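Colleague: Sequence and predicted structure, then a few things I'm wondering about:
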Amino acid sequence: MSDSDIVLGGVCSREGKDCYVGDGGTCAEGKDHPTECDCFKVELEENTESSELKKYGIWWSGNNLGIQDLSRIQARGESRLIGVFGSHDTGKTTLLLIAYLNYIRRGLELTYKFAGSKSLVAWENLSSYLRLDTTKSTFPPHTSRQSDRVPGLLHLSLRDSESNLIDLLLTDAPGEWFTTWSLNSKDPNAGGAPWMATNSDMFIITADCNKLAGENRGKARKELLMLIERLAPFTRDKSTFLIWTKSDELEEKPIPEPIKSAIVAKLSRNMSHAKQYEVTIKNPDSVTNLLNDLLLDYESFRQPIIVSEPLVNNSSFMCYRGSHA
């Protein structure tokens, strides 16, 4: 369909009772994919642009962008697809929201200045959880695992010191995708993880300091090491940052040295070019500085285009090009 796209969705009749596949758990019937289960009812939901959007030729709605929107963004100039990888509840969505809120709060003070977004509705819906109100602020909800094969894309337009426009497309995907993909790259429940690994221009890998220092630190360490190994072939010659999230908790509860040493050693062996960064919600600048360094680091990986003039004639007379040579 030219003006609409079909999104596969559905609901499990046992959801919330003894089946938690919608939240990234396993199927109660033991099926590899929800659509194989008799309890899962597939619904085809048709999303169409409103008549107002069509009337004025507006192709975006303000919600998360999809793969069909990539060509529109990339056609207008420099763009970067930043893949954010990490297990469940390692701070991926919160990391993105801190960056967004700091860009709009700091305005013209930052090196890369906020210049708009095609996904403002999505940003605002998520950031409402982090904004203080008369009661309290909370963290954004868990990004649920759906049957989509491509992650939601959050868009930021930035301008550098010379007013050049740069479009950032940041992936917001459920952590269960990456855990599943790390175990089996061909597992259908890995969702859009393979697509992200193949198409990302830059990579962010989140390492949760709180988890790595907590009771389940062994599991958290194993998941992170497996993700680094699986992702390594895709990051060659591309900017890659390992982000230690919730780093403000390191003073009270440091990561055991053997665990951190194992992670750093694995990173060094598999992604020797990767850089490490500590971020915290208490210091929003740490996140925008991260993106700033990521963009600068990206430039170092760009290969120059060498244009050589064809040799037409060896005569010095034929080589003369006038006063403008």
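Modeller: Thanks, I have the structure now. Numbering: from 1, shown residues only.

Colleague: switch to C-alpha atoms for all contacts and neighbour counts from now on
Modeller: Noted.

Colleague: and I259, what element?
Modeller: Using DSSP states H and E, I259 sits in helix 257-270.

Colleague: hey, C-alpha coordinates of that helix in PDB?
Modeller: Output of helix 257-270 as PDB, limited to C-alpha atoms (Å, rounded to 0.1, in the frame of the first residue of the first chain):
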ATOM      1  CA  GLU A 257      37.600  -5.800  40.200                       C
ATOM      2  CA  PRO A 258      37.600  -9.300  38.600                       C
ATOM      3  CA  ILE A 259      34.300  -8.500  36.900                       C
ATOM      4  CA  LYS A 260      35.400  -5.100  35.500                       C
ATOM      5  CA  SER A 261      38.800  -6.500  34.500                       C
ATOM      6  CA  ALA A 262      37.100  -9.300  32.500                       C
ATOM      7  CA  ILE A 263      34.800  -6.800  30.700                       C
ATOM      8  CA  VAL A 264      37.600  -4.400  29.900                       C
ATOM      9  CA  ALA A 265      39.800  -7.300  28.700                       C
ATOM     10  CA  LYS A 266      37.000  -8.600  26.500                       C
ATOM     11  CA  LEU A 267      36.500  -5.100  25.000                       C
ATOM     12  CA  SER A 268      40.200  -4.700  24.300                       C
ATOM     13  CA  ARG A 269      40.400  -8.100  22.500                       C
ATOM     14  CA  ASN A 270      37.200  -7.800  20.400                       C
END
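
Colleague: in that helix, what's buried?
Modeller: I259, K260, I263, K266, L267, N270 (16 or more other CA atoms under 10 Å).

Colleague: The fifth one and R221, how far apart?
Modeller: Going back to what we said before, that points to L267. Per CA to CA, to the nearest Å, L267 is found 12 Å from R221.

Colleague: now do the last one
Modeller: N270 sits 16 Å away from R221, taking CA to CA as the criterion.

Colleague: ok so H273 is a helix residue?
Modeller: No. Under the criterion used here (DSSP: H, G, I helix; E, B strand; the rest coil), H273 is coil, not part of a helix.

Colleague: what about the nearest residue to it once chain neighbours are set aside, how many neighbours?
Modeller: Leaving aside its sequence neighbours, H273 sits nearest to T240 (CA to CA, 6 or more residues apart in numbering; 7.3 Å). Applying other CA atoms under 10 Å, we find 25 residues neighbouring T240.

Colleague: Then R105?
Modeller: For R105, the count of nearby residues is 11 (other CA under 10 Å).

Colleague: quick one on the thing from earlier: wait, the residue nearest to H273 sits on S272?
Modeller: No. Shown here, T240 and S272 do not form a contact pair, counting by CA atoms under 8 Å, at 9.7 Å.

Colleague: Quick check: which element contains E229?
Modeller: Assigned by DSSP H and E, E229 falls in helix 217-231.

Colleague: Please tell me how far V287 sits from E278.
Modeller: Using CA to CA, V287 is found at 9 Å from E278.

Colleague: Those two: which has the busier surroundings?
Modeller: Taking neighbours as other CA under 10 Å, V287 and E278 compare with V287 leading, 25 against 17.

Colleague: OK, contacts around that one?
Modeller: L95, I98, A99, V279, T280 (CA atoms under 8 Å, 6 or more residues apart in numbering).

Colleague: which among those residues end up buried?
Modeller: For these, buried by 16+ other CA under 10 Å: L95, I98, A99, V279, T280.

Colleague: Report the rounded mean pLDDT for the lengthiest helix in the chain.
Modeller: Longest helix of the chain, by residue count under DSSP state H: helix 285-301. For helix 285-301, mean pLDDT is 83.

Colleague: Same question for that helix: list its buried residues.
Modeller: Here helix 285-301 shows D285, S286, V287, T288, N289, L290, L291, N292, L294, L295, D297, Y298 as buried, counting by 16+ other CA under 10 Å.

Colleague: Kind regards, and thank you for your time.
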